[in-house]
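Trainee: here are the coordinates; sequence isn't available:
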């Protein structure tokens, strides 16, 4: 059952007692991203792909990531998204499924990127769920085993990070909230993961990593994704694969070929 929550940290009843069938362990996973709206997501890709195809692509990324989180057993699921208005609606799945059916949607506050990321990480921990992991929607090739490994690492470590190939991270997790990990970080650079690890070391926090993954932010990233998916197909990201192959309803005839070029 999907519910929409307000953007304040306090005030709700103890949500750890309201897991609606998913409360075998009081852990949580957060999907962090933007609500998919025409012209407001993946704007750097939209310059090459057009707004309509870019919207479908981002819907595919969100849905595929939600599917992975929904497979985690005994985990409370939250979608902390930047909504265009006050109303929090369920993101569409281009494949027609309902991967968000077990998610609680939480609007991000109007704040800087680091503050919004900190808010999303703090949300489950402040409501009685621990450990908690936060996952970006920009890495469709995330492995299910890395999600499970993140929780396993948190059994003996204070912080876990999933480094991205571009120097950022696609996953962060912790047992209790450490706001310092989101302060003074040079976001959107290749130093994000390294600086986060350095802050953890200064705080004396034990630290673990899971496997690396690729973000998709630029056209070159998308071309590389198309090549990897063509070379090693699997069922990891079905909606993303459908977009890459030009099979989504409403998609233009253009698609990204295995060589990275745009095909008609």
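Mentor: That came in fine, so what should we check first? Keep in mind that this is a model prediction, so the values were computed, not measured.
Trainee: Please state the backbone phi and psi of residue 136?
Mentor: phi -80, psi 150 (degrees, to the nearest 10).
Trainee: I'd like the distance from stretch 43-55 to the chain centre, please.
Mentor: Computed by CA atoms, centre = their mean, to the nearest Å, the separation of stretch 43-55 from the middle of its chain amounts to 19 Å.
Trainee: same check, this time on stretch 141-154
Mentor: Put simply, stretch 141-154 sits 13 Å off its chain's centre (CA atoms, centre = their mean).
Trainee: please begin residue numbering at 2 from this point
Mentor: OK, 2 is where the count begins now, so the last one is stretch 142-155.
Trainee: contacting residues around that stretch?
Mentor: 28, 30, 66, 69-70, 72-73, 132, 134, 136, 161, 163, 171-172, 174-176, 209, 211-212, 214-215, 226, 229, 237-238 (CB atoms under 8 Å, 6 or more residues apart in numbering). For glycine as for every other residue, the C-beta is placed from the backbone atoms N, C-alpha and C.
Trainee: Looking at it now, give me its mean pLDDT.
Mentor: The average of the pLDDT scores along stretch 142-155 is 97.
Trainee: rewinding a little: of the contacts of stretch 142-155, buried ones?
Mentor: 28, 30, 66, 69-70, 73, 132, 134, 136, 161, 163, 171-172, 174-176, 209, 211, 214-215, 226, 237-238 (16 or more other CB atoms under 10 Å).
Trainee: what about residue 144, how many neighbours?
Mentor: Neighbour count of residue 144, defined by other CB atoms under 10 Å: 16.
Trainee: picking up where we left off before, just the ones of the contacts of stretch 142-155 in helices?
Mentor: Counting by DSSP state H, the part of those found in helices is 66, 69-70, 226, 229.
Trainee: from these, which single one is nearest residue 38?
Mentor: Closest approach between the ones in helices among the contacts of stretch 142-155 and residue 38, by CB to CB: residue 66, at 17.3 Å.
Trainee: pLDDT at the closest one, what is it?
Mentor: On the pLDDT scale, residue 66 gets 97.
Trainee: How about the one 10 residues further on?
Mentor: Predicted confidence (pLDDT) at residue 76: the value is 96.
Trainee: can you check residue 23 too?
Mentor: pLDDT, residue 23: 43.
Trainee: Any regions of the stretch 102-251 of the chain where pLDDT drops low?
Mentor: Along the stretch 102-251 of the chain, the model assigns pLDDT under 70 to no residue.
Trainee: so where do the strands sit in it?
Mentor: Using DSSP state E, counting those that start in this stretch, the strands of the stretch 102-251 of the chain run over residues 104-108, 133-137, 160-164, 170-175, 208-210.
Trainee: how about TSV for the ones in helices among the contacts of stretch 142-155, with distance to residue 92 added?
Mentor: Shown next, in TSV, are the ones in helices among the contacts of stretch 142-155 (distance: CB to CB, whole Å):
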residue	distance to residue 92
66	10
69	15
70	13
226	20
229	25
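Trainee: Most widely separated two among those?
Mentor: Across the ones in helices among the contacts of stretch 142-155, no pair lies farther apart than 70 and 229, at 21.7 Å, counting by CB to CB.
Trainee: Tell me which of the strands of the stretch 102-251 of the chain approaches residue 46 most closely.
Mentor: strand 133-137 (15.3 Å).
Trainee: quick one: the closest one to strand 160-164, angle?
Mentor: 20 degrees (axes from the mean of the first three to the mean of the last three CA atoms, to 10 degrees).
Trainee: and residue 66, what does it touch?
Mentor: Listed by CB under 8 Å, 6+ apart, the contact set of residue 66 reads 32, 34, 136-138, 140-141, 143.
Trainee: Would you double-check that residue 79 falls in a strand?
Mentor: Yes. Under DSSP: H, G, I helix; E, B strand; the rest coil, residue 79 sits within a strand.
Trainee: Show me the contact partners of stretch 241-258.
Mentor: 50-51, 53-54, 57-58, 61-62, 65, 95-96, 141, 223-224, 226-227, 230, 234, 240, 263-265.
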